[in-house]
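Undergrad: Show me the folded form of this:
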Amino acid sequence: MEPNHICKVVIMGNSGVGKSNLMIKYVMNEFDERSTATIGVEFMSKSETIEGRNVKLHIWDTAGQERFRAVSRSVYQGAHAIILVYDITDRKSFNDVYTWLQEIASHSGQNHVLIVLVGNKLDLEEDRIVARFEGERLAMEKKTAFFETSAFSGINVEQVFRAVAEFAFNRSPHDEQPFMHPIRNVLHDTAKPKKNCCT
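TA: Numbering: from 1, shown residues only. Below you'll find the model as predicted:
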């Protein structure tokens with residue numbers, strides 16, 4: 001099926017936060033416990049049907065290590081949406097979100113990019129260091145969307161990418177407003193896991 005909308009999505013964040021596994025879980029519904037650090041970039045795609053129309057997500061997973069940053073920067077130029085991931089069991093990965101946001105502002109090349117802040121590894125709740133309210137507060141401060149996910153169990157993974165697809169579907173080609181506005185209601189509905197799906 002020929003896509004009605006194409007959305008370029010870039011996944012960013014520190015090495016080891018689970019970026020690759022989020023992409024793989026969404027596209028292939030698999031989790032690789034032996035996953036190694038991404039070298040450069042990796043690419044996958046998947047389509048969503050929104051109101052009977054086909055939205056194709058082109059998803060780019062970028063390396064988190066500093067030595068690959070130059071390659072990553074070339075990939076997220078022109079992105080429609082950026083999924084910025086931290087690990088809820090790793091304080092440094094959360095603190096470094098500020099640096100990533102500065103990098104996005106400097107290199108994305110456009111003002112209206114949807115930024116989705118994702119706290120991953122919700123299945124490791126007992127090892128949590130970064131509280132949910134800290135992620136929510138940062139998202140409100142920086143005007144980004146916010147989810148907590150588990151690439152291992154799949155909690156909220158589909159919801160993150162579905163929200164991006166719904167944004168791509170609803171956004172006017174001439175819309176100059178910040179990317180998160182058209183899916184604000186969706187984000188409020190899905191930001192917290194449902195009671196019957198949480199670990």
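
Undergrad: Low-confidence ranges, the chain, go.
TA: Counting by pLDDT under 70, the ranges of the chain that qualify are 1, 34-40, 64-74, 107-111, 171-199.

Undergrad: center of the protein - which residue?
TA: I83 (2.3 Å; Cα atoms, centre = their mean).

Undergrad: host element of that one?
TA: Counting by DSSP states H and E, the element that carries I83 is strand 81-87.

Undergrad: Now tell me what touches that strand from outside.
TA: For strand 81-87, contacts defined as Cβ atoms under 8 Å, 6 or more residues apart in numbering pick out 7-14, 16-19, 22, 76, 93-94, 96-97, 100-101, 104, 108, 113-121, 130, 135, 144, 160, 164, 167-168, 179. Glycine gets a C-beta too; all of them are placed from N, C-alpha and C.

Undergrad: buried set for the next helix or strand along the chain from it?
TA: Per DSSP H and E, the first helix or strand lying C-terminal to strand 81-87 is helix 91-95. Applying a neighbour-count criterion of 16 or more other Cβ atoms under 10 Å, the buried positions in helix 91-95 are 93-94.

Undergrad: Work out the gap between helix 91-95 and the centre of the chain.
TA: Offset of helix 91-95 from its chain centre (Cα atoms, centre = their mean, to the nearest Å): 16 Å.

Undergrad: after that helix comes which helix or strand?
TA: helix 97-107.

Undergrad: how about the CA coordinates for that following helix, as CSV?
TA: The C-alpha trace of helix 97-107 is given here as CSV (Å, rounded to 0.1, in the frame of the first residue of the first chain):
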residue,chain,number,x,y,z
VAL,A,97,18.6,14.8,28.4
TYR,A,98,19.3,18.5,28.8
THR,A,99,22.4,18.1,26.6
TRP,A,100,20.5,16.1,24.0
LEU,A,101,17.8,18.8,23.9
GLN,A,102,20.4,21.4,23.3
GLU,A,103,21.8,19.3,20.5
ILE,A,104,18.4,18.9,18.9
ALA,A,105,17.8,22.7,19.1
SER,A,106,21.2,23.3,17.4
HIS,A,107,21.0,20.7,14.6
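
Undergrad: Thank you, goodbye.
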